[in-house]
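# Give me coordinates for this.
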Amino acid sequence: MLRRLNAIDADMLSAETPTWHLHVGGVMLLDASAVPGGLSFDTVKAGLAARVGQAAPLRERVVPVPLGLDRPLWVTDPAFDVDAHVRHVRLTPPGGRHELGEIVGEFAAMKLDRRRPLWEMWFVDGLDDGRVAVLTKVHHAAVDGVAAAFLMAQFLDTQPHPTVPRRATTPVPTERVPSQLELFLRGLGSMAYTPLRAARPLRRTVSSVRGILGLRHSRHLGSPVTPFRGPRTSFNRPVTANRSFAFTAVPLADVKAIKNAFGTTVNDVVLALCTTALRRYLQRRDELPDTPLTAAVPVSTRTQGEMGSYGNRVSGLFAMLPTDVADPIERLRAVRGAAEVAKGLYASGVEDALMEWADVPPPVAIALGVRLFTWTHLAEKVPPIFNLLISNVPGSPVPLYLAGAPVAAIYPLGPVLDNIGLNITILSHVDQIDFGLVSCPELMPDLWDLADEIPDALAELISAAR
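Numbering: from 1, shown residues only. Modelled structure (predicted):
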């Protein structure tokens with residue numbers, strides 16, 4: 001059945017530019033030594049072909065409406081071919097983590113071909129520890145963080161032996177794609193309803209403003225973090241088309257120990273680790289601002305009935321990162337307090353109102369607005385809306401396997417935006433928490449330095465907790 005993209009999904013497509021690559025993904029490290037005879041590219045590709053019928057985003061391509069008058073459609077691609085989406089890459093020796101990071105940066109810098117389903121996978125071998133890496137990316141129009149984790153689960157097992165036969169699935173029936181005239185007329189009809197679509201977010205905006213005013217008068221909560229409050233840093237400049245990638249991991253048990261010692265949450269500790277790493281990174285570059293950084297933190301709005309569905313069901317909140325606080329314990333407490341304020345602002349409904357406004361303009365207006373923002377270099381003339389993106393995605397609490405190989409780590413891959421040139425995405429996996437950091441080499445040539453600060457930040461808090 002033809003499906004119309006929802007408002008956020010369509011905006012993800014419309015907002016993409018030559019330097020804004022709006023895809024998400026991940027880097028899976030696999031222990032190939034556990035597979036008799038090793039893990040081959042052909043084995044992984046055959047397993048992918050056997051299960052691709054279970055995942056609609058991997059079979060569907062986008063059909064745009066002429067002139068961008070209405071949201072595009074998802075349609076099953078009659079010419080779908082797994083071979084067009086997968087590639088075998090071998091690392092240049094020594095095949096360490098920095099060499100892997102360079103390959104991932106190259107992978108992330110390539111835009112997806114909209115003539116085909118919007119995903120790609122690279123099988124990377126030649127790592128110095130004998131492991132194999134599988135790089136995946138899917139356009140953000142098809143999945144958010146939670147949906148991406150669900151999509152990944154369709155190709156993984158919870159036991160070493162695969163649960164499906166390694167054979168191609170039954171071909172999926174194709175659909176009739178509406179003609180350009182049909183799509184154009186549908187777009188004109190949608191344009192006529194634009195004023196009516198504005199009514200609902202307008203009501204919600206009025207209601208949320210009342211909530212914000214009430215929050216400001218609350219005595220037990222501080223002032224909420226709002227856009228354009230963050231200081232400018234070296235990664236708050238226009239992004240390029242190039243990408244750099246770094247990664248690290250910390251033990252989940254240590255994070256929980258800190259949580260229990262100081263009465264916070266796991267998410268508070270994760271934000272505190274990012275805050276400390278950023279503080280040290282900026283100090284070393286002699287550009288630590290006197291005021292806190294601000295981060296946009298996506299929040300899933302999926303109901304229980306929507307779990308397992310694709311597309312974007314997401315809102316967000318602004319979190320203060322107290323990089324100006326010197327003491328690590330006070331820094332963690334400040335993160336905790338800021339999180340409570342952010343939750344209060346989120347409860348006011350203002351973020352939901354902003355998401356509903358996304359349904360009002362047609363895609364052509366979104367595309368023109370983004371390009372105007374880029375062409376006028378407006379990002380360089382105003383304070384950054386926020387300094388960076390931090391996304392924490394729940395992962396699997398049980399071990400996972402791909403074609404019989406244990407998954408040793410899953411480092412997420414998120415997008416960066418103009419003037420917001422740093423993304424830190426976190427994914428829990430069994431007994432560890434994996435961090436994936438994305439930027440541009442022109443903005444952060446030393447991204448590995450920031451990644452390496454995260455375990456050190458954890459050690460500092462563990463010492464304080466003891």
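# List the residues that contact the residue nearest the centre of the chain.
By C-alpha atoms, centre = their mean, the chain has its centre lying nearest to Gly414, at 3.7 Å. Applying C-beta atoms under 8 Å, 6 or more residues apart in numbering to Gly414 gives the contacts Val24, Leu389, Ser391, Asn423, Ile424, Thr425, Gly436, Val438. Backbone N, C-alpha and C define where each C-beta goes, glycine included.
# what's the domain layout of the protein?
3-162+181-187, 192-393+433-465 (automatic domain parsing).
# looking at those domains, which has the lowest confidence?
Lowest mean pLDDT within the domains of the chain: domain 192-393+433-465, at a mean of 83.
# next one: that domain to chain centre, how far?
12 Å (C-alpha atoms, centre = their mean, to the nearest Å).
# just stretch 98-109 next, same as before
Using C-alpha atoms, centre = their mean, the offset of stretch 98-109 from its chain centre is 17 Å.
# Only the C-alpha atoms, please, for it, written as CSV.
Extracted in CSV, the C-alpha atoms of stretch 98-109 (Å, rounded to 0.1, in the frame of the first residue of the first chain):
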residue,chain,number,x,y,z
HIS,A,98,41.4,5.4,13.9
GLU,A,99,41.5,3.7,10.5
LEU,A,100,38.0,2.4,11.1
GLY,A,101,36.9,5.9,12.1
GLU,A,102,38.2,7.3,8.8
ILE,A,103,36.3,4.7,6.8
VAL,A,104,33.1,5.5,8.8
GLY,A,105,33.6,9.2,8.1
GLU,A,106,33.9,8.5,4.4
PHE,A,107,30.7,6.3,4.7
ALA,A,108,28.8,9.0,6.5
ALA,A,109,29.8,11.7,4.1
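# Just the buried residues of it, please?
Neighbour-count burial for stretch 98-109, counted by 16 or more other C-beta atoms under 10 Å, picks out Glu99, Leu100, Gly101, Ile103, Val104, Gly105, Glu106, Phe107, Ala108, Ala109.
# tell me what the host helix or strand of the fourth one is packed against?
If you go by DSSP states H and E, Ile103 is part of helix 97-108. Contacting helix 97-108 under the criterion 3 or more C-beta pairs under 8 Å, 6 or more residues apart in numbering; DSSP states H and E are the following elements: strand 23-30, strand 119-125, strand 132-139, strand 244-251.
# Just say which of those strands is most tucked in.
Across the helices and strands packed on helix 97-108, averaging neighbours per residue (mean count of other C-beta atoms under 10 Å) puts strand 23-30 on top, at a mean of 26.
# May I have that strand exported as CSV, CA atoms only?
Taking Å, rounded to 0.1, in the frame of the first residue of the first chain, the C-alpha atoms of strand 23-30 are listed here in CSV:
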residue,chain,number,x,y,z
HIS,A,23,20.8,9.8,7.6
VAL,A,24,21.3,7.8,10.8
GLY,A,25,23.1,4.5,11.3
GLY,A,26,25.6,2.6,13.3
VAL,A,27,28.9,0.7,13.4
MET,A,28,28.6,-2.9,14.6
LEU,A,29,31.8,-4.6,15.7
LEU,A,30,31.5,-8.4,15.3
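# Give the next helix or strand downstream of that strand.
helix 41-51.
# Against which helices or strands is that following helix packed?
Short answer (3+ C-beta pairs under 8 Å, 6+ apart): helix 41-51 packs on strand 86-90, strand 119-125.
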